[in-house]
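1. sequence below, structure please.
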Amino acid sequence: MIYKKSVTETIRKRQSIRTYENQAISAVHLQQIHDYINDSGHLKGPFGQTGRIVLVEVKKNVTDKGIKLGTYGFIKNPSGYLVGITENNREALIDFAFTFQKLVLFLTELEIGTCWMGGTFSRNSFEEEIQLDESGFIPCITPIGYPKQKQRVFDKAVRLVVKADNKKPWDKLFYDTDFESNLTKENAGLLEVPVEMVRLGPSASNKQPWRLVVSEDRKICHFYIEHTPNYSTKLGYDMQLLDMGIAMCQFESACQELNISGNWAVSDPEITPLSKQTEYIVSWHLDS
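-> Numbers count the residues shown, from 1 in each chain. Sure thing, here's the model as predicted:
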């Protein structure tokens, strides 16, 4: 994807929007959204899985079919929802989140607000609207609309509860060669900015489960997930896999902007010891 603005600037700017102006999305923006989600090239992730994204326009949270879409009071005045559909397995969920975050950044450039939602919406009402087949699964949605300048007290309270503005420091997330040595910005080489973009990414309840290990020669970056015990088990899928797709999107997008060419590959370095909750996902290999 080609960004018109600096992608790192867009990443830094993006935040979850829960209250929107009582104003419909413009025809121009609607067309741009339709063009984006109808382009299959935008929907294929690093593992080769392709999901689907459907735009559902609403008025007072009611669709054209008369279906009331529920978000338990978290969202006010959306113009519509972008609904993600994929299969419920590890690679599909990571790939989907990778592509969905690219869409979120695209919308941020258009000054359209979004908010990742994985557990705070009525999945049944959205399934009724979309009419899923047997293999279809809705891992997440985002409302869309023009952000209201003045936040509700409720919005501020949510950000406070999930500590949305508190990102973990480098020494809690990123490692040099193994899990015994912390990676510093000064020693990250070409990967400093892409790694920082991972740190700034959104995650479910701001758990920030990504853990990165950069090789000694700075040519490989290994992505791990540190699972939060018993998190999202009631939802029937591992929501934190979505967080890994987001992290990979942030990292790759920054690399592309900085002309750091590379590719994703599953090449487990078998770094030991690993904590019980930590699992290898994928690696980014810089081109020689």
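2. so, low pLDDT: which residues of this protein?
-> 1-4, 152-165 (pLDDT under 70).
3. one more time with 50
-> In the predicted model of the chain, residues 1-2 satisfy pLDDT under 50.
4. and the longest strand for it?
-> If you go by DSSP state E, the chain has its longest strand at strand 278-286.
5. partner strands of that strand, with direction?
-> Using DSSP bridges, strand 278-286 pairs in its sheet with strand 220-226 (antiparallel), strand 262-265 (antiparallel).
6. now the element after the first one, going C-ward?
-> The reference is to strand 220-226. Downstream of strand 220-226, the next assigned helix or strand under DSSP states H and E is helix 240-257.
7. now the angle from that next one to strand 220-226?
-> 160 degrees (axes from the mean of the first three to the mean of the last three Cα atoms, to 10 degrees).
8. packing partners of helix 240-257?
-> helix 7-13, helix 90-109, helix 192-199, strand 210-214, strand 220-226, strand 262-265, strand 278-286 (3 or more Cβ pairs under 8 Å, 6 or more residues apart in numbering; DSSP states H and E). Placement of C-beta: from N, CA and C, glycine included.
9. between the second one and helix 240-257, how many degrees?
-> Here helix 90-109 points in a direction 60 degrees away from that of helix 240-257 (the same axes, to 10 degrees).
10. leaving out the residues flanking it, which one is nearest to Gly113?
-> The shortest distance from Gly113 to any non-neighbouring residue, by Cβ to Cβ, 6 or more residues apart in numbering, is to Ile17 (3.1 Å).
11. for Cys115, same thing?
-> Ser16 (4.2 Å).
12. burial measure for that neighbour, as a count.
-> Counted with other Cβ atoms under 10 Å, residues neighbouring Ser16 total 19.
13. hmm, Met117 and it touching each other?
-> No. With contact defined as Cβ atoms under 8 Å, Ser16 does not count as touching Met117 (9.0 Å).
14. so what sits against both of these two?
-> The contact sets of Ser16 and Met117 do not overlap (Cβ atoms under 8 Å, 6 or more residues apart in numbering).
15. mind listing what's buried along stretch 226-236?
-> 226-228, 232 (16 or more other Cβ atoms under 10 Å).
16. from those residues, which two are the most distant?
-> Using Cβ to Cβ, the pair of those lying farthest apart is Glu226 and Ser232, separated by 14.2 Å.
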